[in-house]
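1. Would you be able to build a 3D model of this:
(one chain, ligands or ions: 2)
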Amino acid sequence: MKEMLMDCDPGHDDAIALLLAAASPELQLRGVTTVAGNQILELTTKNALKVLEFAGVEVEVYAGCEKPLIRELKTAPDVHGETGLEGPELPEPRGEAGEKHAVNYLREELKRADEPLALVPTGPLTNIGSLLAGTPGIEENIEEIIFMGGAIQGGNRTAAAEFNILVDPEAADLVLNSGVDKTMVGLDVTRRARFLPEDIEEIKEIDNPVAEMAAELLDYFVKYHRRELDMNGCPLHDPLAVAALIDDTVIETETRPVRVETAGRFTTGSTVVDFDGKTLGEPNLEVAVDVDGEKFKHMVKKALSGF
Ligand code: BDR
Ligand code: CA
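-> Residues are numbered from 1 along each chain as shown. Ligands and ions are numbered 1, 2, ... in the order given. This is a model prediction of the structure:
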């Protein structure tokens with residue numbers, strides 16, 4: 001069993017990523033940290049609590065950074081709504097986030113664990129960048145980082161940048177330049193593994209309240225993708241990073257040098273992948289280049305069936 005910590009900004013796809021992590025017997029979700037991204041920190045934290053409580057998942061939640069390292073926060077109400085989790089009507093959470101700052105929690109938990117832990121960040125990398133920059137030697141306590149963010153080509157918030165990296169490129173730069181083993185699960189692959197209307201029907205047929213909530217999240221996400229991007233179905237970006245930790249055959253990766261653009265006029269927040277290995281130095285991470293979409297969707301459906 002792989003022990004892991006999730007750092008997220010729920011967010012429709014983050015919510016399903018949490019469910020996948022919590023329900024998969026291959027993983028032990030030791031803790032959840034939240035970051036500002038899809039919505040302000042107060043809302044992403046509340047959303048994490050709501051989803052976990054509704055699903056009956058007992059895990060501690062800690063709130064982290066409320067803004068990027070040096071930039072103003074950009075949120076995504078156009079994608080995830082004013083609450084960050086529009087769609088399902090979920091009860092207000094009864095519990096609260098822990099008192100510690102998420103970065104302190106992550107530091108303590110990583111040091112406390114007997115073995116190095118995996119980190120799966122699915123929002124802007126502010127908490128993880130802060131952790132790495134502020135804790136010399138912490139790399140040794142991290143087994144690997146599988147993050148959802150970036151793209152080999154193109155973006156979703158600008159022509160060149162994916163949302164999570166665009167929001168905090170300096171934090172992403174710290175993570176990408178760290179010595180930890182890393183895998184980037186970017187838009188190129190998440191967009192190739194779309195949940196189609198028939199997949200959502202199957203999820204509805206699972207017929208438990210958590211699967212029903214997931215279907216409502218998907219319905220909302222599908223409408224956004226149809227309206228704004230003329231897409232049939234929708235990708236679920238964040239759960240793919242969790243799926244890759246559960247089973248690394250769900251994605252195919254290549255070892256490449258990847259850098260984050262922090263100073264571009266049109267390209268800030270883009271992830272530049274050097275496929276020739278000529279100009280960006282030594283390879284620093286595994287980049288997902290392909291995905292087994294059917295396997296991924298099966299994993300999500302199976303996880304939802306377990307609630
Ligand atoms: C990423 O941005 C967010 O809106 C999603 O939750 C996902 O993490 C996709 O670009
Ligand atoms: Ca996210």
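2. what does the stretch 101-250 of the chain have sitting close to ligand 1?
-> The stretch 101-250 of the chain has residues Thr122, Gly123, Met148, Asn156, Glu162, Phe163, Asn164, His237, Asp238 near ligand 1, with proximity defined as Cβ under 6 Å from any ligand atom. For glycine as for every other residue, the C-beta is placed from the backbone atoms N, C-alpha and C.
3. now those residues as CSV including secondary structure and pLDDT?
-> CSV is the format used below for these (DSSP: H, G, I helix; E, B strand; the rest coil; pLDDT from 0 to 100):
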residue, secondary structure, pLDDT
Thr122, coil, 98
Gly123, coil, 98
Met148, strand, 98
Asn156, coil, 95
Glu162, coil, 98
Phe163, helix, 98
Asn164, helix, 98
His237, helix, 98
Asp238, helix, 98
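4. Quick check on the residues you listed: which are buried?
-> Among those, those classed as buried by 16 or more other Cβ atoms under 10 Å are Thr122, Gly123, Met148, Asn156, Glu162, Phe163, Asn164, His237, Asp238.
5. and the residue of the stretch 201-307 of the chain nearest ligand 2?
-> Proximity of the stretch 201-307 of the chain to ligand 2 (Cβ to the ion) peaks at Asp238, 4.8 Å away.
6. Hmm, that residue is touching Met148, no?
-> Yes. With contacts counted by Cβ atoms under 8 Å, Asp238 reaches Met148, the gap being 4.9 Å.
7. Give me the contacts around stretch 250-258.
-> Residues external to stretch 250-258 that are found in contact with it (Cβ atoms under 8 Å, 6 or more residues apart in numbering): 150, 176, 183-185, 189, 240, 243-244, 271-275, 277, 280-292, 295-296, 299.
8. Mind checking which of these are in helices?
-> Using DSSP state H, the subset of the contacts of stretch 250-258 located in helices is Leu176, Val189, Leu240, Ala243, Ala244, Lys295, Phe296, Met299.
9. Could you list which residues are in contact with the second one?
-> What that stands for is Val189. By Cβ under 8 Å, 6+ apart, the contact set of Val189 is Leu240, Ile251, Ala288, Val289, Asp290, Val291.
10. Put the buried members of these into a PyMOL selection.
-> One line in PyMOL is enough to select the buried ones among the contacts of Val189; burial here means 16+ other Cβ under 10 Å:
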select buried, resi 240+251+288+289+291
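11. Sitting in strands, which of the contacts of Val189 do you find?
-> Ile251, Ala288, Val289, Asp290, Val291 (DSSP state E).
12. now the contacts of stretch 250-258: which count as buried?
-> Of the contacts of stretch 250-258, these count as buried by 16+ other Cβ under 10 Å: 150, 176, 183-185, 189, 240, 243-244, 271-273, 280, 284-289, 291-292, 296, 299.
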